[in-house]
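Asks: fold the stuff below for me.
(chains A and B)
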Amino acid sequence: MDNKYLSEMLFPNIKKTPEDIEKQYPPRELPQDAKVTRFAPSPTGFVHFGGLFPSMAAERLAHQSGGVFYLRIEDTDAKREVPGAAEALINTLATYSIEFDEGAVLNESGKIADKGMYGPYRQSQRAEIYQVYAKKLVSEGKAYPCFSTEEELELIHQADKKAELKNTDWLSEAEAKKEDMLKARNISLEEAETHIKANHPFVLRILAKSDPDKKVKFTDLIKGAVEFPENDEDFVLLKSDGIPTYHFAHVIDDHLMGTTHVIRGEEWLPSLPKHLQLFEYLGFKPPKYMHIAQIMKLDENGNKKKLSKRDMGANMDDYTKMGYAPEAVCEYIMTLLNSNYEEWHMQNPDKSYKEFPFSIKKMSVSGCLFDFNKLNDVSKNVISRMDAENVTQKVTEWALKYDAEFGKILNSDKAYAQKIFAIGRGGKKPRKDLATWSDAKPYMGFFYDEYFEYEDAYPTDADKNDIIATLEKFKVSYNERDDMNEWFEKVKKISDDLGYASDMKAYKQTPDAFRGNVADISMFIRVAITGKLNAPDLYTVMQIMGRERCMKRIDMMIDKLKNSEI
RNA sequence: GGCCCCAUGGUCAAGCGGCUAAGACGACGCCCUCUCACGGCGUAAUCGUGGGUUCGAUUCCCGCUGGGGUCACCA
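Replies: Alright, predicted model coming up:
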């Protein structure tokens, strides 16, 4: 009865009962094995790679099973909340085609709204719900108010920190202080009443069953059987502002919203005993858990570290800036999520990753290193499969945003740009020059006079007179209407005339018999026209650039050679 | 430090008691070839360590070592 009285004093305004709440959250009507999963970010910044990673798994698992995938905003920490972050989060998720069936959404005016029957989906709007259950726990003697001030707690944390740094010596002291604090759990009703009447702020703590010898066994769908000591920490349920901590909100929301599978990073594994205890206290059936291994990166000492916010590659918006196609990033994530994805994809090159039979069993238990090499490879393949029109559009869109001048130039003659991107595209073995949209400019800038420059010089052993002779002969013989063979025959002819081998095989047999070979002659022309030693097929390049531009560049090079010293 | 998770090439990994230990990325080499890209072929490179169990361990168990995570009125 004391507890009942205490709960009334603590929550005088809460009239609803858990039963009232439950009525608003009926069981979902879904097929047998349908999974209900969610992504539950806190609006403290951008979408993190480590957040997108599990959310893709959650999305696949839900939709693959005919279930529901929803977005819940965990805005329980007003201090850390960044204005506009939730909206930005939703937008970023959309660009990675993470589609939610319900949850927080953006309405026409760009404001956050709820979609679905199991909301509200922003935890800040669910304060009353949490308090109903908090009141119940207090009335059952499973939770108690703690009137210790933050300053007092700070002292304890400092001791903890020192203990961490200096090891065991300090540990005993920290323990002692903790003991001291835990006396708060034995607060008398009178004492509590005095505090409450004086309007002292309090946090609500769980009254942990503290049997350190008792083990909790649990099966994680990824990690398998795990076992740990039962939670013995009186962790906070409700902060002094009446808003719940993650632990409390997680248990209540995922229960009410009917989440069947909680998919989250493995950094949550250590707090699982807390959650399990709460489910038990509240009489809820716990969901299935999947703790996904972390994505790591190498720190400056060569050690693996959890990919953190400040790291290169952490912010998903950065990939957009770098010019990665979202589908490439998603595919890369799939290769990390399910090791057999690549194999499947090779057999089904034309299918979307959303058709891949995603399997929990194939998920890795150990953390992996983020690998830009691999991302780039995946990305090159993705882009190589796109048609020229699509690539032109994507590059232009990207450029307009991040390289306005280049964007304008591309836009000024779309047909020209598209012809360039069509080079080596569409066949069975497409070129793979682009890993990101930002690779486009260095790859094809020479097609535009604005960006044309002599990036590569002729090799020092190339004979200047031969180059000039080549260019002059080429200029005379060039006919735009020649087909590729005719064109190349003319180049061969120039080779022969200048004592260069037109036949590579002959050259290889007796290289000394020639001044060089047809590859050298081609190179003389290529540098003049593209300013580079390496470029796509010269004939095609010239066809696209057009006679006038090509001849102009040849003249420029001839001038340059004639006027320069030796 | 307590608790927990993890351990096959440089990276991602297949393997689920018996194999010359897949494959992909990367590196290197060769071929194709007018350069590049593509493609083809090939090379180097892996079971952390010590004990068990077993006829037989990469595989199962334990210890060690190593790496990671976590110990807030943050999520």
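
Asks: spell out which residues of the stretch 251-400 of chain A are next to RNA strand B.
Replies: A:266-271, A:293-294, A:296, A:303-306, A:335-336, A:339-340, A:342-343, A:362, A:364-369, A:371, A:373-374, A:376-377, A:380 (Cβ under 7 Å from any atom of the strand). Placement of C-beta: from N, CA and C, glycine included.

Asks: drop anything exposed from those residues.
Replies: Among those, those scoring as buried are A:266, A:268-269, A:293-294, A:296, A:335-336, A:367, A:371, A:376-377, A:380 (criterion: 16 or more other Cβ atoms under 10 Å).

Asks: out of the residues you listed, which two sit at the greatest distance?
Replies: A:Leu269 and A:Lys380 (35.9 Å; Cβ to Cβ).

Asks: among the residues of the stretch 251-400 of chain A next to RNA strand B, which are in strands?
Replies: A:Met296, A:Lys304, A:Lys305, A:Lys306, A:Cys368, A:Leu369 (DSSP state E).

Asks: ok now do the third one, which residues does it touch?
Replies: Under the criterion of Cβ atoms under 8 Å, 6 or more residues apart in numbering, the neighbours of A:Lys305 are A:Met296, A:Lys297, A:Leu298, A:Asp299.

Asks: quick check, the third one in contact with A:Cys368.
Replies: Right, the one you point to is A:Leu298. No. Look at A:Leu298 against A:Cys368 with Cβ atoms under 8 Å: they stay out of range, at 11.8 Å.

Asks: would you map the strands across the stretch 101-250 of chain A?
Replies: A:102-106, A:112-115, A:143-146, A:203-206, A:215-220, A:224-229, A:236-238 (DSSP state E, counting those that start in this stretch).

Asks: could I get those strands as JSON lines with mean neighbour count?
Replies: Listed next are the strands of the stretch 101-250 of chain A as JSON lines, based on neighbours: other Cβ atoms under 10 Å:
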{"stretch": "strand A:102-106", "mean neighbour count": "20"}
{"stretch": "strand A:112-115", "mean neighbour count": "16"}
{"stretch": "strand A:143-146", "mean neighbour count": "25"}
{"stretch": "strand A:203-206", "mean neighbour count": "23"}
{"stretch": "strand A:215-220", "mean neighbour count": "13"}
{"stretch": "strand A:224-229", "mean neighbour count": "11"}
{"stretch": "strand A:236-238", "mean neighbour count": "24"}
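
Asks: do you know which of those lies nearest A:Pro511?
Replies: A:Pro511 lies closest to strand A:224-229 among the strands of the stretch 101-250 of chain A, at 64.0 Å (Cβ to Cβ).

Asks: and the closest one, anywhere near RNA strand B?
Replies: Yes. Strand A:224-229 is in contact with RNA strand B by Cβ under 7 Å from any atom of the strand, via A:Gly224, A:Val226, A:Glu227, A:Phe228, A:Pro229.

Asks: looks to me like A:Glu486 is in a helix.
Replies: Yes. Under DSSP: H, G, I helix; E, B strand; the rest coil, A:Glu486 falls within a helix.

Asks: if I look at the nearest residue to A:Asp75 once chain neighbours are set aside, how far off is A:Ala104?
Replies: Nearest residue to A:Asp75, sequence neighbours excluded (Cβ to Cβ, 6 or more residues apart in numbering): A:Ser124, at 4.6 Å. Counting by Cβ to Cβ, to the nearest Å, the separation of A:Ser124 from A:Ala104 is 11 Å.

Asks: check A:Phe202 too.
Replies: 30 Å.

Asks: how about A:Thr460?
Replies: For A:Thr460 relative to A:Ala104 (Cβ to Cβ), the value is 64 Å.

Asks: contacting residues for A:Glu548?
Replies: No contacts exist for A:Glu548 under Cβ under 8 Å, 6+ apart.

Asks: is there proximity between the host helix or strand of it and RNA strand B?
Replies: Assigning secondary structure by DSSP states H and E places A:Glu548 in helix A:547-563. No. Figure legend: helix A:547-563 not in contact with RNA strand B (Cβ under 7 Å from any atom of the strand); closest approach 14.2 Å.

Asks: name the residues of that helix that are buried.
Replies: Neighbour-count burial for helix A:547-563, counted by 16+ other Cβ under 10 Å, picks out A:Arg549, A:Cys550, A:Met551, A:Arg553, A:Ile554, A:Met557, A:Ile558.

Asks: excluding residues flanking it in the chain, which one is nearest the third one?
Replies: Okay, so that is A:Met551. Leaving out its chain neighbours, the residue that sits closest to A:Met551 by Cβ to Cβ, 6+ apart is A:Lys475, at 6.3 Å.
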